[in-house]
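**Q** show me the folded form of this:
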Amino acid sequence: MTFAKKILITTESREIFIIRNGGTEIFTDHCSGCATDVELLTLEAAVLLSGIAVREIVRLAETGEIHFRETASGHLYVCRRSLCRDVHTGVAR
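**A** Predicted coordinates for the structure are as follows:
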């Protein structure tokens, strides 16, 4: 009796969409804090959207009040969903 071997290959792919809008970058990627795909904003875009100073946004990211991703080169991208939630609830002042 001959037995056949079955090989299962699983692949995963991700798409990142980068939108340039007047020099600011917004892209969609997975936010582990929100557990879903969200728009990630540059610091510049986060400041323009929220009206919060750069220093305050960095503080909120460091304390975990907003979600963020930092690249290997040191660029900080802020989760738009958590930023907007905190701005609307008054957490980010």
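**Q** list the buried residues of the helix or strand containing residue 48.
**A** Residue 48 belongs to helix 43-50 when elements are defined using DSSP states H and E. Using 16 or more other CB atoms under 10 Å as the test for burial, helix 43-50 gives 43, 45-47, 49-50. The way it works is simple: take the backbone N, C-alpha and C, and place the C-beta from them, glycine included.
**Q** would you mind putting those residues into CSV with pLDDT alongside?
**A** What follows is the buried residues of helix 43-50, written out as CSV (pLDDT from 0 to 100):
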residue, pLDDT
43, 91
45, 90
46, 92
47, 92
49, 87
50, 90
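**Q** would you turn those into TSV with distance to residue 65?
**A** Conversion of the buried residues of helix 43-50 to TSV gives the following (distance: CB to CB, whole Å):
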residue	distance to residue 65
43	15
45	18
46	13
47	16
49	16
50	12
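**Q** what's the closest of those residues to residue 79?
**A** residue 46 (9.3 Å; CB to CB).
**Q** quick check: nearest residue in space to that closest one, chain neighbours excluded?
**A** Once flanking residues are discounted, residue 46 sits nearest to residue 78: 4.3 Å by CB to CB, 6 or more residues apart in numbering.
**Q** tell me the mean pLDDT for the helix or strand containing that neighbour?
**A** Assigned by DSSP H and E, residue 78 belongs to strand 76-79. Strand 76-79 comes out with an average pLDDT of 94.
**Q** which strands and helices lie in contact with that strand?
**A** strand 36-42, helix 43-50, helix 54-62, strand 68-70 (3 or more CB pairs under 8 Å, 6 or more residues apart in numbering; DSSP states H and E).
**Q** who does residue 78 form a beta bridge with?
**A** residue 41, residue 68 (DSSP bridges).
**Q** number of nearby residues for it?
**A** Other residues near residue 78 number 27, with proximity taken as other CB atoms under 10 Å.
**Q** contact partners of the strand holding residue 78?
**A** 27, 31, 33-34, 38-43, 46, 57-58, 61, 66-71 (CB atoms under 8 Å, 6 or more residues apart in numbering).
**Q** fine by me, we can end here.
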